[in-house]
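1. Sequence unavailable; structure follows:
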């Protein structure tokens, strides 16, 4: 599976959880976080940006978060094994 992150700024880390922000919070000092399993409202100053490598790993392991991010156009997911397909197509040349 190949995951392309379209909007990295939409992903936030709170403690050990990586989540996405989909809807703005009414309070400018707070942020809505969606982990795919739960919704949290936390103080903005308690969050930081996840490393891209950690984000890709989390999206690969957390199907509900991956689905949510994909549905809101935060990521693109390519399930096709391009290398395998090219090897397969070469066998017919």
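-> Yep, it's here. Remember, it's a predicted structure, so these values are computed and weren't measured experimentally. Numbering: from 1, shown residues only.
2. Tell me who's in contact with residue 66.
-> Residue 66 is in contact with 3, 36, 59, 60, 75, 77, counting by Cβ atoms under 8 Å, 6 or more residues apart in numbering. To be clear about C-beta, it is placed using only N, CA and C from the backbone, and glycine gets the same treatment.
3. Check which helix or strand the closest residue to residue 44 other than its chain neighbours maps to.
-> Nearest residue to residue 44, sequence neighbours excluded (Cβ to Cβ, 6 or more residues apart in numbering): residue 31, at 5.0 Å. Element membership for residue 31, per DSSP states H and E: strand 30-34.
4. likewise residue 58?
-> helix 52-61.
5. Equivalent analysis for residue 41, please.
-> Using DSSP H and E, residue 41 falls in strand 39-43.
6. partners of that strand in the sheet?
-> According to DSSP bridges, strand 39-43 forms sheet pairs with strand 30-34 (antiparallel).
7. Please work out the average pLDDT along the partner strand.
-> Across strand 30-34, pLDDT averages out at 95.
8. What is the distance between it and the centre of its chain?
-> What separates the centre of strand 30-34 from the centre of its chain is 14 Å, taken as Cα atoms, centre = their mean, to the nearest Å.
9. Please list all residues in contact with the closest residue to residue 55 other than its chain neighbours.
-> Nearest residue to residue 55 in three dimensions, chain neighbours excluded: residue 11, at 5.5 Å (Cβ to Cβ, 6+ apart). Counting by Cβ under 8 Å, 6+ apart, residue 11 touches 5, 18, 19, 20, 21, 49, 50, 55, 69, 74.
10. Out of the residues you listed, which end up buried?
-> Using 16 or more other Cβ atoms under 10 Å as the burial test, these include 5, 18, 19, 20, 21, 50, 55, 69, 74 as buried.
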